[in-house]
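Asker: I'd like to go over a predicted model; first the sequence, then the structure.
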Amino acid sequence: MWPVAILSRCLWAHGLSPKWLKNMDHTLKHLKTAKMASALARPLITVYSEKNEKTGTSLHLPVVFKAPIRPDVVSFVHHQMSKNRRQPYAVNKDAGHQTSAESWGTGRAVARIPRVRGGGTHRSGQGAFGNMCRGGRMFAPTKTWRRWHRRINVNQRRFALVSSIAASGVPALVMSKGHMVHDIPELPLVVSDKVQSFNKTKQAVIFLRRIKAWTDVQKVYRSRRLRAGKGKMRNRRRVQRRGPLIIYGEDQGLKLAFRNIPGVDVCSVKKLSLLKLAPGGHVGRFIIWTESAFRALDAIYGTWSSPSSEKKDYNLPTPKMTNTDLSRLLKAEEIRKVLRTPHKRPVRAVRKQNPLRNVRAMLKLNPYAAVLKRKAILTIQKKHLDKQEFLAKKTGVPLQKTKQQVRYEQLIQKRKEAIQKSKAAKPKTAKKAKKAPAAK
Amino acid sequence: MQNNDDIVWSIINKSFCSFKVNTKTQKFCRHEYNLTGLCGRYSCPLANSQYATIREEKGIIYLYMRTAERTAFPNKSWEKVKLSRNFEKALQQINENLLYWPNYLKQKCKQRMLKITQYLIRMRKLTLRRQKKLVPLQRKIERRENRREEKALIAARIDTAIEKQLVERLKKGVYGDIYNFPQVAFTKALASEEVQEESDDEREEEYNEGGREEEEEMEEETRAALEDATEYVEAESDDEDMESDEEHEFTDEGPEESEVEDIEDMARPSTSKGKKSKVSVEYELEEALPEKTKVKNRV
């Protein structure tokens, strides 16, 4: 049973009207292998006008959104990338060494740390140079030639970017990141290109309100606070959340319109940055695409069947699993058929019994041992009895009957009597009949 | 990547979820649509595209359902079904709507509905009793306001205001004869008055009567003298001279006495001879209140 068939059965079970199915464009026929079918079922995304009405246009979901989501790669690349904006810091290279201090050596009842020469001031005789000394240099003075920046492999960078774009298309991930997207019409959210020609912040705000992205911006407002720590006095005084990211194809004033709205970031499709798509190293930023940006994605990142036209020799990363629904897979017929039967009751190791000491173990191995053993016992008994008889004979003392023997004899006696009784009780005719032919 | 649930769960569980609250023993989920309130693989509304919850709004219980097809449209994803107020019927409704759904969801929905009905019952019972509203106080604000109250109290200088008011009233004549002055303050006021306004007269009379000075100096004794102003008999006075002086005073210092009497007997403001003095009564609050001058009630 194809997973698709299962899906359609589910749809029927839920009594879904066909209008929901319209958006599912199963491009199965176009695909070469059925395996990729489930992975590449590309839904249609409607483009919304700047007033939150559905325009007639609907676009195929770019294949980027089907790329594998790898939070580990994103996190690593983000970590490395964020180091690239750093400015060097170091202590003064002379700090702590601007003295001509010499150790006094031993014999003066003081510690051997180098001490400042001369006299006439507080400073004379004080310890110098050490990291433990007051006014001494620190341990391992920081240097400016520390390796501040990191290089990341191009492919890794692109992988991370592609992953974060894919994650932005999953409503659950966007919500888990904390964006207030419960009222937007669709995710990924694609808006008409009119937005690109906004040049007034007022227009931008009205647009965001209509699209129901304003709650996210409000959350930014509410999250404005002072930074904890010394950053306050280092020009990093205020902190706030990140809001929606607007990705455009062509800037016709859009940047100016949105730049004063707190939390809102703006980005061109051609210059996507991981630091904007996955702030904090976590995937799932709320992105608002303009139509031209959305269309451009397929060309920029490629589809699996066709490489990217903008990037040299680049194609989307192939996922390790095409169908990631593990629980479904484990119940699927095709897989179950091939598995061996489950061992419900596992065979546990048995402790070895020594046959020489354990009779049953011996019998398992050699059943004839029972006979031998029995025989041995009997011979012993017999010998014993013979000996007793012999002694009895010799000494002339008659053997005493054991209790068992007495009872045994009694029993036999009884039986004899019983038999005779029954014989006597039998009818004589049978006897006569018997005798008659015998006589004849 | 068609089915996302497992991927989503592996991301949410391992790294960050904004709804997750971690305590030492448990993981909670702050998502409003969560069925159990705990963070788990099958109770996470984000990690299960097919999900159902029971929620209560203003006393009405609703069943919310979401299917995989609708997850891409966040504003349309939840389908809302109003449940009957009859518990049995509501259970049946749940069974109907969640037919063929995983048992876990059905079970939890019913349990949640039970809990909700129970607490609604309790709420209704509570509203019939006395309602105490708990209002949280903010310590900082309370402290600040208290301190400001104190300061305002001090700034208002109520005592002086009252004093002024009373004096005004006194001048107006509201109180008539009936007024008790604390002795010391009264005499002080008198003294100051005499010093200020009748300096000449006093001096003359000083020369005339040597004992006058004594009287002026000895305030306590002048208290007695005042008492004697109207009552001639005074056993307390030490000096016979005083007595004689007092008598003299009474006879000679008519205007002053009359003024004194004027102060004392407010019933006759008209009798004051020319000097309707602006009496500024300076009194000191003494801990042990002294004997007040007894004013003769002249109605």
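Answerer: That came in fine, so what should we check first?

Asker: count the neighbours of residue 77 for me.
Answerer: Just going to use chain A. Other residues near residue A:77 number 26, with proximity taken as other C-beta atoms under 10 Å in any protein chain shown. Yep, even glycine has a C-beta here, placed from its N, CA and C like the rest.

Asker: my bad, the chain I had in mind was chain B
Answerer: Applying other C-beta under 10 Å, we find 22 residues neighbouring residue B:77.

Asker: how about residue A:172?
Answerer: When neighbours are defined as other C-beta under 10 Å, residue A:172 has 25 of them.

Asker: mind checking the SS state of the residue lying closest to it once chain neighbours are set aside?
Answerer: Leaving aside its chain neighbours, residue A:172 sits nearest to residue B:46 (3.9 Å; criterion: C-beta to C-beta, 6 or more residues apart in numbering or on different chains). Assigned with DSSP: H, G, I helix; E, B strand; the rest coil, residue B:46 falls in the coil class.

Asker: for chain B, give me the ranges with low pLDDT.
Answerer: The model of chain B has pLDDT under 70 over residues B:1-2, B:178-179, B:181, B:198-280, B:282, B:284-299.

Asker: which residues of it fall in helices?
Answerer: For chain B, the helices defined by DSSP state H cover B:5-14, B:87-97, B:103-128, B:139-156, B:158-172, B:183-197, B:199-208, B:210-217, B:219-230, B:240-252, B:254-264.

Asker: and the closest residue to residue B:84 other than its chain neighbours, how many residues sit next to it?
Answerer: Nearest residue to residue B:84 in three dimensions, chain neighbours excluded: residue B:90, at 4.9 Å (C-beta to C-beta, 6+ apart). Using other C-beta under 10 Å, residue B:90 has 20 neighbouring residues.

Asker: contacts only, for residue B:90.
Answerer: When contacts are counted by C-beta atoms under 8 Å, 6 or more residues apart in numbering or on different chains, residue B:90 is found next to B:61, B:83, B:84, B:113.

Asker: measure the closest residue in space to the second one that isn't next to it in sequence to chain A for me?
Answerer: In this case it means residue B:83. Nearest non-adjacent residue to residue B:83, counting by C-beta to C-beta, 6+ apart: residue B:90, 4.2 Å away. Separation of residue B:90 from chain A (C-beta to the nearest C-beta, to the nearest Å) stands at 20 Å.

Asker: give me the distance between residue B:90 and residue B:43.
Answerer: 21 Å (C-beta to C-beta, to the nearest Å).

Asker: so what touches the lengthiest strand in chain A?
Answerer: Counting by DSSP state E, the longest strand found in chain A is strand A:54-60. By C-beta under 8 Å, 6+ apart, the residues outside strand A:54-60 that reach it are A:25, A:42, A:44-49, A:185, A:190, A:192, A:291, A:294-295.

Asker: how long is stretch A:256-265 end to end?
Answerer: 11 Å (C-alpha to C-alpha, to the nearest Å).

Asker: same question, stretch B:129-145
Answerer: Distance across stretch B:129-145, first residue to last, is 33 Å (C-alpha to C-alpha).

Asker: residues in contact with residue A:96?
Answerer: Counting by C-beta under 8 Å, 6+ apart, residue A:96 makes contact with A:128, A:129, A:135, A:136, A:137, A:138, A:141.

Asker: where does the fourth one sit: helix, strand or coil?
Answerer: For residue A:136, the reduced secondary structure class is coil; criterion used: three-state DSSP.

Asker: that one: neighbouring residues, count only.
Answerer: For residue A:136, the count of nearby residues is 20 (other C-beta under 10 Å).

Asker: with the first one instead?
Answerer: Applying the criterion other C-beta under 10 Å, we find 24 residues in the vicinity of residue A:128.

Asker: near chain A, which residues of the stretch 101-250 of chain B?
Answerer: On the criterion C-beta under 8 Å from any C-beta of the partner chain, chain A has no neighbours in the stretch 101-250 of chain B.

Asker: now the buried members of the contacts of residue A:96.
Answerer: A:128, A:129, A:136, A:137 (16 or more other C-beta atoms under 10 Å in any protein chain shown).

Asker: list the contacts for the residue nearest to the first one when sequence neighbours are not counted?
Answerer: Leaving aside its chain neighbours, residue A:128 sits nearest to residue A:101 (3.7 Å; criterion: C-beta to C-beta, 6+ apart). When the contact criterion is C-beta under 8 Å, 6+ apart, the partners of residue A:101 are A:114, A:115, A:116, A:117, A:127, A:128, A:129.

Asker: no more questions from me, cheers.
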